[in-house]
Structure formats: C-alpha cells, structure tokens
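Chemist: please work out how this folds:
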Amino acid sequence: MSKSSDAAVLQPFGNLKTVRIGLAADVRSRSVRTLNRLLAHSMALRDLYKKAHWQTSGAVFYALHLMFDKHYEAQLELIDSLAERVQLLGGVALATSHDVVQETRLARVTSAAETPMQQLRGLIDAHEFVLAEARPLAREAAEHGDDGTNDIIVGEVIRTNELQSWFVGEHLDGQ
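Modeler: Numbering: from 1, shown residues only. Okay, the predicted model is just below:
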C-alpha cells in the first residue's frame, strides 16, 4: 500500500483548527494532548478486555467472559467520547494501533493466553494506571478553564475506570 501524499492531508496531527467555543488556542492545545493520551490508554485497555474476553477459561469462564465483553463495550463508548472532545477542541484524535503504541505507557502484556487471575491482575493494574494519570489531568483542565474536558475526564474516564476496577477487584478478593 502506498503512502498518501501530504497534499491529501486535511489537518496535520498536532495542529489545531480554529473553533469558536470560548477557549484560547493554548488551552485547547493542552487539552487535546491530554485527551489524546487518555484516548490511547483507553484504546489499549479496550484491547486488553477483548484479549481477556477471547482467552479466558476455567471455572468462572462464563461470568468473566460476559464481564470482559461488557467492560470492552464501556471502553468503546469512552473512546468515542474522548475522540469527539478532541475533534470539538479543533484537534485531531488518535485513531490507529500505531498511534496507541507510541502514546500509551500502559504495560505491555503477553500475546499468550493467561490464567484468569493473571488477566484480572493485569486489568486492575491498567485501571489503576489510567486513574493515576487522569486525576491530575482533570485538575489541570479545570485550572485552565476547560470545564468540558474536566467534565469528561471526571465524569467518564475516572468513573468508568473506577467502576470497572472495582468489578475486576471483586473477582480478586481473597486471592
């Protein structure tokens, strides 16, 4: 497949287009970088859930299979919200696996099938990482007057990841 020419580029990644939403370009630029980082983490976490969904086994197979798929779907919704916010701010949302690999700092997992306990531990570690990244980014967005970005980080990123972490953690309780 040939590489497309630069002449066909509508908006280069990292550039902002003008949008009239009452936020300065520097604030929008900072928020776009923040949201793209969280978008990459969420895309990686989505893929971890699908891997776990496909590869889970054992006595609790059915319950985990359903939970992993439900959490995958919730991450998909979160990804869509994050990408739309990036576009609304005049940015370009990350969209490919190549982008995710370059941007996320979530720990890589093996391609091999893992035990359900390994899957659960990896997922809870990933949620904790995302939450640790998201909280200061939400505060930063609020400090710069970007209430919409703060709202999506608190209302969707943090709440979704806290809830999913709790569900996963309940399966690890007593282990």
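Chemist: give the buried residues for the helix or strand encompassing Arg33.
Modeler: Applying DSSP states H and E as the criterion places Arg33 in helix 25-55. Within helix 25-55, the residues scored as buried using 16 or more other Cβ atoms under 10 Å are 27-32, 34-49, 51-53, 55. To be clear about C-beta, it is placed using only N, CA and C from the backbone, and glycine gets the same treatment.
Chemist: what is it packed up against?
Modeler: helix 61-88, helix 97-103, helix 116-143, helix 147-152 (3 or more Cβ pairs under 8 Å, 6 or more residues apart in numbering; DSSP states H and E).
Chemist: point out the other helices and strands that the third one packs with.
Modeler: Okay, so that is helix 116-143. helix 25-55, helix 61-88, helix 147-152, helix 159-172.
Chemist: in that helix, what's buried?
Modeler: Within helix 116-143, the residues scored as buried using 16+ other Cβ under 10 Å are 116, 119-127, 129-130, 133-134, 137-138, 140-141.
Chemist: the residue nearest to Thr160 when sequence neighbours are not counted: neighbour count?
Modeler: Nearest residue to Thr160, sequence neighbours excluded (Cβ to Cβ, 6 or more residues apart in numbering): Leu78, at 5.2 Å. Number of residues near Leu78 (other Cβ atoms under 10 Å) recorded here: 24.
Chemist: surely Leu78 is in contact with Ile158?
Modeler: No. The criterion here is Cβ atoms under 8 Å, and Leu78 misses it with Ile158 at 10.5 Å.
Chemist: can you list the low-confidence ranges for this structure?
Modeler: Within the chain, the stretches with pLDDT under 70 are 1-7, 174-175.
Chemist: now the residue nearest to the spatial centre of the chain: how far from Ala93?
Modeler: Centroid-nearest residue in the chain: Ser42, 1.5 Å away (criterion: Cα atoms, centre = their mean). For Ser42, the distance to Ala93 equals 11 Å [Cβ to Cβ, to the nearest Å].
Chemist: what is in contact with the two at once?
Modeler: Both Ser42 and Ala93 are contacted by Leu82, under the criterion Cβ atoms under 8 Å, 6 or more residues apart in numbering.
Chemist: ok, Thr160 - contacts?
Modeler: Counting by Cβ under 8 Å, 6+ apart, Thr160 touches Ala74, Gln75, Leu78.
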